[in-house]
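Q: return atomic coordinates for the entry below.
(chains A and B)
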Amino acid sequence: MIGSILPDLNRVTLIVSNGTLETLLGIPFDLDALSTLGGAIILAGIGSMVVANQHRRMFAALFAGALSHLFIDGVKAYADGAAGMWLYPVSWARHPTPSLYVSSDPAVLTAAVLITVTVVTIDRYAIQTT
Amino acid sequence: MRLASRITITIILLTTLGGLCVHYDTTYDENWPHPTGDQFQEQSPEQFVGERVLLFGEVQTVDADAITIHVTDDNDNVAAELEVLGIEDRVKPGGVVQVYGVLESKTKLHAEQTVVVNRDPSATIYKLGASVVGLLLAVAYFFRQWQIDFQKLAFKPRTTKDPEPEEVHNRG
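A: The predicted structure is shown next:
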């Protein structure tokens, strides 16, 4: 769950713009790199260092969460029909997007809540753990 | 893993992350197939007249057959003001749109495809509000399951069924 938040850490730019950061640092700088495959790997790596042991398990959980975020981002609407360059730094390629949604559409939140309720219900009542 | 090792690795990873942000910004404009706000600012939109471009912009005015948008650079300064024709979706001033079409002049674009990112300012507030609530729920749930171990400077699960390996070792 925390992993799925990681790619959105680029939203820090709502408080401090990339331009301000560039001026402060004196070099080109874009926090949108956090919202890419490379950013997710490194952020999950940092996250795996905040536990005393079981680092690999922590990394796997965080990276899986971050990847789920990037996959869902990958089907977002783009007017030219190609997704964002989230595969960076592996590739700058923009794969075709089915343009399924924009985040400001309340239907997205409704779908997310319904899926969450379904998963929690199955997890709690349908899966028998001994 | 020892605390010193964890701190060292974290510093290395943070440095790498900083490097990634620098490299991403340095190489983004040449890999993004469309003009960016920064390029408009540096070269003027005139350079791109005749090209089919994808632009993001904030809606300024809405008329019957056209809207005007502001395309901004990385500093949120206005890099171009464009009149956009061919918008079929409902949108209000303060909203955000993606427009894809031919740049007919340095001030006019004919949209072939549009995506309304935020219909109006309230849609933007709704989106950010929903994100903040989601973020708080996720963090609250995390702290229900985990707590901070100040001695080790690490997070640890609140309930551990199995004793930690170090404790097992101490018993022996």
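
Q: any idea how far stretch A:42-53 is from the chain center?
A: Counting by C-alpha atoms, centre = their mean, to the nearest Å, stretch A:42-53 is centred 16 Å from the centre of its parent chain.

Q: what's in contact with it?
A: A:2-3, A:6-7, A:9, A:34, A:55-56, A:58-59, A:62-63, A:66, B:1, B:6-7, B:9-10, B:13-14, B:16-17, B:20, B:149, B:152, B:154-156, B:164-165 (C-beta atoms under 8 Å, 6 or more residues apart in numbering or on different chains). Just so you know, the C-beta spots here come from the backbone N, C-alpha and C atoms, and that holds for glycine as well.

Q: over to stretch B:16-25?
A: Stretch B:16-25 has contacts (C-beta under 8 Å, 6+ apart) with A:18, A:22, A:27-34, A:36, A:38-39, A:42-43, A:46, A:88-89.

Q: report the buried members of these.
A: Taking 16 or more other C-beta atoms under 10 Å in any protein chain shown as the criterion, what is buried in these is A:18, A:22, A:28-34, A:36, A:38-39, A:42-43, A:46, A:88-89.

Q: in helices only, show me those residues.
A: Mapping these onto helices (DSSP state H) picks out A:18, A:22, A:38-39, A:42-43, A:46.

Q: hang on, the earlier thing: what about the contacts of stretch A:42-53, which are in strands?
A: B:149, B:154-156 (DSSP state E).

Q: which among these end up buried?
A: Of those, these count as buried by 16+ other C-beta under 10 Å: B:154-155.

Q: would you point out the most distant pair within the ones in strands among the contacts of stretch A:42-53?
A: The distance between the two most remote of the ones in strands among the contacts of stretch A:42-53 (C-beta to C-beta) is 7.1 Å, for B:Asp149 and B:Phe155.

Q: can you tell if the helix or strand of chain A with the lowest mean pLDDT touches chain B?
A: Ranked by mean pLDDT, DSSP states H and E, the weakest helix or strand in chain A is helix A:18-25, scoring a mean of 90. Yes. Helix A:18-25 is in contact with chain B by C-beta under 8 Å from any C-beta of the partner chain, via A:18-20, A:22.

Q: quick one: which of these is nearest B:Glu88?
A: Lowest distance from B:Glu88 to the residues of helix A:18-25 next to chain B (C-beta to C-beta) belongs to A:Asn18, with 32.2 Å.

Q: got a list of what the residue lying closest to that closest one once chain neighbours are set aside touches?
A: Using C-beta to C-beta, 6 or more residues apart in numbering or on different chains and skipping the chain neighbours, the partner closest in space to A:Asn18 is B:Asp74 (4.7 Å). Neighbouring residues of B:Asp74 by C-beta under 8 Å, 6+ apart: A:17-19, A:22, A:30, B:37-38.

Q: how many neighbouring residues does residue 9 have?
A: You didn't say which chain, so I picked chain A. 15 (other C-beta atoms under 10 Å in any protein chain shown).

Q: if you could check chain B rather than the one you did, that'd help
A: B:Ile9 has 16 neighbours, counted by other C-beta under 10 Å.

Q: got a pLDDT number for it?
A: The model reports B:Ile9 with a pLDDT of 97.

Q: how about B:Lys92, secondary structure?
A: Assigned by DSSP: H, G, I helix; E, B strand; the rest coil, the conformation of B:Lys92 is coil.
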